[in-house]
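Chemist: A structural model of the following input is requested.
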Amino acid sequence: MNLPRGEGASEPRCASTDDAAEGSGQAGLLGPGKSGGYSGDLFAEVQRYASLAAEIARQETFDVVHAHDWMTFPAGLAVSGIKGVPLIVHVHSTEFDRSGVNIDQRIYDIERRGMHGAIKVIAVSYLTKNQITHQFGIDPGKVEVVYNAIETSGDFDQEKFNITKDEKIVLFLGRITMQKGPEYFLAAAKKVLELMDNVKFVMAGSGDMIRRTVQMAAELGIGHKVLFTGFPPRGRCGKVFRMADLYVMPSVSEPFGIAPLEAMSHDVPVIISKQSGVSEVLTHALKVDFWDINEMANKIIAVLKHPPLAATLRQHGSFEVRRLSWNDSARACVQVYEKRPDAHRRALTVSPRQSQRENQLDFPIRPPKLPRNFSRGLSLIGKRIDFRVRRIDRLFTNLRLL
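Modeler: A predicted model of the protein is given here:
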């Protein structure tokens, strides 16, 4: 089932604001009495959605089921079994991305059952494809990569947050969770502020690490230089980006990462984690391992202190991001539909008992044993060849300041 994610909407969107609503499974659950209509038990809601989708599907005619992420996988499996049509699952994030080594077994089981039950799996990057094949045991030939894109087209007030005109703004926009690497952002900020005083670090977002992050800023002695603004309202992200001199995405494990594309579309230079899918498609962005806070600080200072570097990133980045279109992503998905092997159609016909089992949330499958060094970087997930020539890195070679 194809749930709307806001990615193709005509209204200007903020990827990180939408990302906050998705959360990390139960962490993003709305409790009773809150907007969203959930009853308080996300797994029960997933099961209820699967049942409703199956009932609706009985009255409809269609050629393929396209399910996005784990919450729709049980519905996709049920509908595919009832109608005897192919199931394609689209993986935007896995439980390993959201939770690291402390995965929720129930979510992992649903993800694995959905991927194995589909005839094709669409991943948002080769980073995610490698994770799907290694952690979920999926044949690499079954996984296709379709990159995300953007539509080019909280109120944030500099005076309200006491930002003077001569101060530079370094922006973090996203969920403040383990996956997004906020602690690495602050550690790099500390090093930057040791060499530059006219910088403010803005953390626009919220999440389960917000209190810990505020406390960390205070303990580092940079609390007065770090502003926690919360998420901007939908449609106001453009204003936030336009105020920034630099956008930093220090994610620990990012399947794709749309926010850097949005920053570039607003002529903002970006520094992105090498442990991200978006690093596969961007050439005119500075890239750094998320744990390398010295190099992160070094590149932040280089962009802020050297206008020619910043101008090059803006100019070429703005041109580069225009190549990424949702229309191209949609065409790539259609190609996946059209090249599905007919032999898989017969495999999708299941008995009523099997269909009922697909709706169960407790699966006996256990995840594979993780490598001992998985928790250090998560970078070992998805080693990939850097096939792009990074001209900006060559410009940067002589600008090492730390």
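
Chemist: buried ones in stretch 270-283?
Modeler: 270-282 (16 or more other CB atoms under 10 Å). All C-beta atoms are positioned from the backbone trio N, CA, C, and that covers glycine.

Chemist: Show the average pLDDT along that stretch.
Modeler: Average pLDDT, stretch 270-283: 95.

Chemist: Please identify the buried residues of the longest helix seen in the chain?
Modeler: Ranked by residue count and defined by DSSP state H, the top helix of the chain is helix 42-58. Buried residues in helix 42-58, counting neighbours by 16+ other CB under 10 Å, are found at L42, F43, E45, V46, Q47, Y49, A50, A53, A54, A57.

Chemist: Need the distance between the two termini of stretch 174-184.
Modeler: Start-to-end span of stretch 174-184 (CA to CA, to the nearest Å) is 14 Å.

Chemist: hmm, I was thinking of stretch 216-223
Modeler: End to end - CA to CA - stretch 216-223 spans 8 Å.

Chemist: Show me what counts as buried in that stretch.
Modeler: Neighbour-count burial for stretch 216-223 [16+ other CB under 10 Å]: M216, A217, L220, I222.

Chemist: residues in contact with the last one?
Modeler: This points to I222. Each residue near I222 by CB atoms under 8 Å, 6 or more residues apart in numbering is listed here: L186, A189, K190, L193, F201.

Chemist: how near is it to H116?
Modeler: 47 Å (CB to CB, to the nearest Å).

Chemist: Isn't S325 up against A149?
Modeler: Yes: using CB atoms under 8 Å, S325 is in contact with A149, at 5.3 Å.

Chemist: Can you pick out the residue with more neighbours from the two?
Modeler: A149 (21 against 14; other CB atoms under 10 Å).

Chemist: In three-state terms, how would the more buried one be classified?
Modeler: coil (DSSP: H, G, I helix; E, B strand; the rest coil).

Chemist: tell me the contacts of T94?
Modeler: E111, T128, Q131, I132, Q135, F136, P255.

Chemist: Okay, and which of these map to helices?
Modeler: Reading helices off the contacts of T94 with DSSP H, I get E111, T128, Q131, I132, Q135, F136.

Chemist: What number of residues are in the vicinity of the second one?
Modeler: Burial of T128, expressed as a neighbour count using other CB under 10 Å, amounts to 27.

Chemist: For the residue positioned nearest the centre of the chain, give me its contacts.
Modeler: When CA atoms, centre = their mean is applied to the chain, the residue found nearest the centroid is G257 (4.4 Å). By CB under 8 Å, 6+ apart, the contact list for G257 reads M249, S251, I272, S273, S276, G277, V278.

Chemist: Now with 7 Å, please.
Modeler: Contacts for G257 (CB atoms under 7 Å, 6 or more residues apart in numbering) come out as M249, S251, I272, S276, G277, V278.

Chemist: What of L246?
Modeler: Counting by CB under 7 Å, 6+ apart, L246 has contacts V170, L171, V268, P269, I271, I300, V303, L304.

Chemist: circling back: mind checking which of the contacts of I222 land in helices?
Modeler: L186, A189, K190, L193.

Chemist: Tell me the one of these nearest G317?
Modeler: Of all these, G317 sits closest to A189, with 22.3 Å by CB to CB.

Chemist: hang on, the earlier thing: which of the contacts of G257 are the two that sit furthest away from each other?
Modeler: M249 and G277 (11.3 Å).

Chemist: any low-confidence regions in the stretch 101-250 of the chain?
Modeler: 152-165 (pLDDT under 70).

Chemist: Which parts of it are helices?
Modeler: 105-117, 126-136, 182-193, 210-219, 237-243 (DSSP state H, counting those that start in this stretch).

Chemist: Make CSV out of the ones you listed and add distance to L87.
Modeler: As requested, these are exported to CSV (distance: least, CB to CB, whole Å):
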stretch, distance to L87
helix 105-117, 6
helix 126-136, 15
helix 182-193, 36
helix 210-219, 37
helix 237-243, 34
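
Chemist: The helix or strand encompassing N327: which residues count as buried?
Modeler: Following DSSP states H and E, one finds N327 within helix 326-338. Using 16+ other CB under 10 Å as the test for burial, helix 326-338 gives S329, C333, V336.
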